[in-house]
Structures are given as C-alpha cells and as structure tokens.
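**Student:** What follows is a predicted protein model with its sequence.
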Amino acid sequence: MKILHTADLHLGAINRKLNASQRKVVLSEQLKICSDLFSYAKDNGIDALLICGDLFHTSEISAKIERVFFNAVQDFSKPVIYISGNHDEEKAIFSYPENFVILKGSVRLDRVVISDGSNLQTLQKEDKNIVVMHGDIFSRGNDYIDIKSLKGDFVDYLALGHLHSYCERDFGRGNAVYCGTLQGNGFDECGDKGFVVLDTITMSHHFVPFAFRRYKIVDVDISGQNKFNEIVQKVEYALNDISTNDLVRVVLKGSYEENSEKYLHLIEEKFKARYFCFELRDESQIKIDFEKLKAEKLSFKAELLSLIMQDDTLSDSEKTQISQISIEALRGDDLSL
C-alpha cells in the first residue's frame, strides 16, 4: 500500500506583501496545485491520502475553494483521512464526500491502522501503525507535542503537520516525519516544498518536491565591487540557477568603498521583471576611513562624522549606521534604511 502524506495546504492563505495581480495568480495556483496533488495520487497508485491539519487557512474560506477541493477528493475516490490543525480547527465542514474521513480514534485499511494518537495502547505489534498528529515536536509552546510521552512502541510512522518544511527524526519502530507545505507563502518558507509518499510494505518514505514556485533568499557579497556593472554581475551570477517562476530576495552583504556605484534602485529595476517577485535588501556596509577624514580641512562631511563618533549616547553599530546614511545622503545615493 502507498500512502501520500501532506499537510498545511492553508487553502485561502495569501502573502499580503504581494501586489494585487500577484495575489490573484497565487490564489488560482493554490487550486491548481490542489487538483494536481490528487492527479498525482491517481497516476501513481496512491491508496490513501493523509492530511495532517491546516487544510484551510481560516474558518472563512470561499465556497469556490471548498468546492474545488472536495470535488478533487470525490474524484480520487480512495480514502482521504484528515485531522484538523490550529488554523482550521474552528471550521465546521458540513458537507463532504464519503471518502473524506475526519479521523476520530483510528481506521483500518487492511493491515494498516491509522490513528489520531488517542488510543496508542491498543496498537498491535503485527499491524503497520501510522499515527497522525498536528503540532510541534521541537519547540515547547501552545502546539507542542511531547513525543516522549507517547506510548508508541508499535508506531511505524508518525505523520505530522504544522512545520512547513520537510524533516524527520527517529520515533517508535520508525520515523516521525513532517512533510512540509505544498507551496511556501513567504520568505520564512524558502526552499523546496511538497509531500511525502510512504510505502507501507517496507515502511520507507521519500519526499516529493511539488511546488510550482519557491521562495529564495540569495546573499550576495559585494566586497571589492565598486563599479555598478561589477555589482550587477555579482548579483547575476548568484541568480544563475534560480527559476524565473520563483520569488526572490537578494540581500547585499560585505563592504564597499565610499565612492562605490551602488545604485539600489537600478539594480532592483534590472531584475524585478525577470522573476515572479523580486526584492532587494541592502545589508552591506560602507568602509569609512576616519583617519583620512581627520586630515581633511573645511570639510562638512568630516565635521559631521566627527560629531557622530563623539556622541556617547550611541553604540558603535549605531554610529557606523548613521555615518553610512549620512555619507549616502551627502552623495545623493539611495539610503540604507
């Protein structure tokens, strides 16, 4: 038997930092990736599908999203076993296909027992036992799951939802596995997203990347690059292997000379049309030669920086930041704010 383990679909969720056109595209893609998930299940001989919480992002989900999802469930025809998560636990699902199972206790599929964790003491050694839960096994908080307290000697696979990236650890007779989310919804959810396929004969599993778009954060060290074209080339090289479908944040790092041609607006303009979403952040720092400035006569810049450095109310990092912004303002450059 093959089981598809997914979670945290968060249907209806949207990244508010995207513009209106991008948000519209992302919402449409949510429905498509949901349909594609069930198509994959049918085409690859999946016998059951687990949804480990946070199917919907809020209790106020649109009728269209709900209709598209449950039509896909019904068309799949095989069991779709669901537990609620912290986002959708308040949503009352009044009408759903017969093959959509809201898990209470446990269900048996041949020699495989799928449990919500409330009856682990009844699990039998000779069965293949899968426990489905939603929460955080790593950090203590409102959603913390203390898996040490689970009497799961006969648990072969702990299917988890809540964390949005694939990860696993040993548990019971097998593994505790987070499948992650199908598609990221912010730069705190970077990298490949998808689901897990479990083979219940061998109790082996593998992660399947499935997201159409990925969030990517790319650090670019511009140290020693003082010409505009040199900086652009460094960014270009760093972005070489990133798909144009992705959402990209470039973070400039390192240090640059006072006369550097670091034109942030022009860099952003050059790349933003290439990707679905592109943003530029500047964390690079200007190299200030204070000894050289001390030797300058009748220099407003030198006097200003001297006053900044003599201010005992500022920390060293604040002095550096204010000095950098002051020089940028005097030069008429984009400010590092």
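**Tutor:** Perfect, thanks for sending it.

**Student:** OK, contacts around Lys125?
**Tutor:** With contact set as Cβ atoms under 8 Å, 6 or more residues apart in numbering, Lys125 has these partners: Phe154. Yep, even glycine has a C-beta here, placed from its N, CA and C like the rest.

**Student:** Likewise for Val250?
**Tutor:** Counted by Cβ under 8 Å, 6+ apart, Val250 has contacts Val218, Val220, Val235, Ala238, Leu239, Ile267, Phe271, Phe278, Glu279, Leu280, Arg281.

**Student:** can I get those residues in JSON lines with secondary structure?
**Tutor:** Shown next, in JSON lines, are those (DSSP: H, G, I helix; E, B strand; the rest coil):
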{"residue": "Val218", "secondary structure": "strand"}
{"residue": "Val220", "secondary structure": "strand"}
{"residue": "Val235", "secondary structure": "helix"}
{"residue": "Ala238", "secondary structure": "helix"}
{"residue": "Leu239", "secondary structure": "coil"}
{"residue": "Ile267", "secondary structure": "helix"}
{"residue": "Phe271", "secondary structure": "helix"}
{"residue": "Phe278", "secondary structure": "strand"}
{"residue": "Glu279", "secondary structure": "strand"}
{"residue": "Leu280", "secondary structure": "strand"}
{"residue": "Arg281", "secondary structure": "strand"}
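
**Student:** For these, which entry has the maximal number of neighbours?
**Tutor:** Ranked by the number of neighbours (other Cβ atoms under 10 Å), the contacts of Val250 place Ile267 first, at 22 neighbours.

**Student:** Give me the buried positions along stretch 15-30.
**Tutor:** Going by neighbour count (16 or more other Cβ atoms under 10 Å), the buried part of stretch 15-30 is Asn15, Leu18, Val26, Leu27, Glu29, Gln30.

**Student:** for stretch 322-333, same thing?
**Tutor:** For stretch 322-333, a neighbour-count test (16+ other Cβ under 10 Å) marks Ile322, Ser323, Gln324, Ile325, Ser326, Ile327, Glu328, Asp333 as buried.

**Student:** could you dump the helix or strand encompassing the third one to PDB, C-alpha only?
**Tutor:** The reference is to Gln324. Taking DSSP states H and E as the definition, Gln324 sits inside helix 316-331. Taking Å, rounded to 0.1, in the frame of the first residue of the first chain, the C-alpha atoms of helix 316-331 are listed here in PDB:
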ATOM      1  CA  ASP A 316      29.400  51.600  17.900                       C
ATOM      2  CA  SER A 317      27.000  49.900  15.500                       C
ATOM      3  CA  GLU A 318      24.600  52.900  15.600                       C
ATOM      4  CA  LYS A 319      27.500  55.300  14.900                       C
ATOM      5  CA  THR A 320      28.500  53.200  11.900                       C
ATOM      6  CA  GLN A 321      24.900  53.100  10.600                       C
ATOM      7  CA  ILE A 322      24.300  56.800  11.000                       C
ATOM      8  CA  SER A 323      27.700  57.600   9.400                       C
ATOM      9  CA  GLN A 324      26.800  55.400   6.400                       C
ATOM     10  CA  ILE A 325      23.400  57.000   5.900                       C
ATOM     11  CA  SER A 326      25.000  60.500   6.300                       C
ATOM     12  CA  ILE A 327      27.600  59.800   3.500                       C
ATOM     13  CA  GLU A 328      24.900  58.300   1.300                       C
ATOM     14  CA  ALA A 329      22.700  61.400   1.800                       C
ATOM     15  CA  LEU A 330      25.600  63.800   1.000                       C
ATOM     16  CA  ARG A 331      26.300  61.800  -2.200                       C
END
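
**Student:** just how off-centre is that helix within its chain?
**Tutor:** Averaging C-alpha positions (Cα atoms, centre = their mean, to the nearest Å) puts helix 316-331 34 Å from its chain's average.

**Student:** For stretch 42-62, measure first residue to last.
**Tutor:** With Cα to Cα, to the nearest Å as the measure, stretch 42-62 spans 26 Å from end to end.
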